[in-house]
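Asker: Sequence unavailable; structure follows:
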């Protein structure tokens, strides 16, 4: 944290005319596979919900961009109760909208910060032969603020690291961290991977990004 604050202070004297560090684009679209792993208070069972996600970012000014994302994951478990089976499907959907700001620290590294609104929709569906289907739904609206760095270790690779805080309805405020990277096949196309963790949730994502 001290290093990040020192970097932010040094950036006050940096020129603001640069759009971004060399080779970094803040206009892109991506999508792929994602998995949500839940750690329920240290219990030995850690459910893993699989699904997909889409994400996009658009630069609206030299150092400002807006972004949005949507992910959906689910898991179905069947329980044998002897005379009949019970199928339980859990589904989590998460839309997200936000705005970000970046400042060049060097030719290859940007300091980044963003704020976002997100909504966590949780639905559980219970089905059993001969019984009516039952559904239980709940949702949480939350806000997240992060700061970090984004850079290019080499011409064909990119990495980012962010730390922040998330808080909202029906949840206690908690710290969050994100680590991600990209390998470029062409100036436009790349393979991205990311892991994000907060509270009892760890989310892994792998996808393809098109940068413009």
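Answerer: It's in. Quantities reported herein were computed from a predicted structural model and do not represent experimental measurements.
Asker: In three-state terms, label the residue of the chain most remote from its centre for me.
Answerer: Distance from the centre of the chain peaks at residue 83, with 42.4 Å (CA atoms, centre = their mean). Three-state assignment for residue 83 (DSSP: H, G, I helix; E, B strand; the rest coil): coil.
Asker: what's the spacing between it and residue 125?
Answerer: 21 Å (CB to CB, to the nearest Å). C-betas here are computed from N, CA, C, even on glycine.
Asker: which residues of the chain fall in strands?
Answerer: Secondary structure of the chain (DSSP state E): strands at 28-38, 48-61, 64-80, 85-104, 109-128, 134-154, 157-168, 171-184, 189-198, 201-211.
Asker: Adding mean pLDDT and mean neighbour count, write the ones you listed out as TSV.
Answerer: Formatted as TSV, the strands of the chain follow (pLDDT from 0 to 100; neighbours: other CB atoms under 10 Å):
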stretch	mean pLDDT	mean neighbour count
strand 28-38	96	18
strand 48-61	97	16
strand 64-80	93	15
strand 85-104	94	17
strand 109-128	93	17
strand 134-154	94	15
strand 157-168	96	16
strand 171-184	94	15
strand 189-198	96	17
strand 201-211	96	18
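Asker: Output those in CSV, with distance to residue 20 appended to each entry.
Answerer: Output for the strands of the chain, formatted as CSV (distance: least, CB to CB, whole Å):
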stretch, distance to residue 20
strand 28-38, 12
strand 48-61, 8
strand 64-80, 9
strand 85-104, 6
strand 109-128, 6
strand 134-154, 9
strand 157-168, 11
strand 171-184, 14
strand 189-198, 16
strand 201-211, 11
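Asker: Indicate which one of these is closest to residue 22.
Answerer: strand 134-154 (7.1 Å; CB to CB).
Asker: who does that closest one touch, helix- and strand-wise?
Answerer: helix 2-11, strand 109-128, strand 157-168, strand 171-184 (3 or more CB pairs under 8 Å, 6 or more residues apart in numbering; DSSP states H and E).
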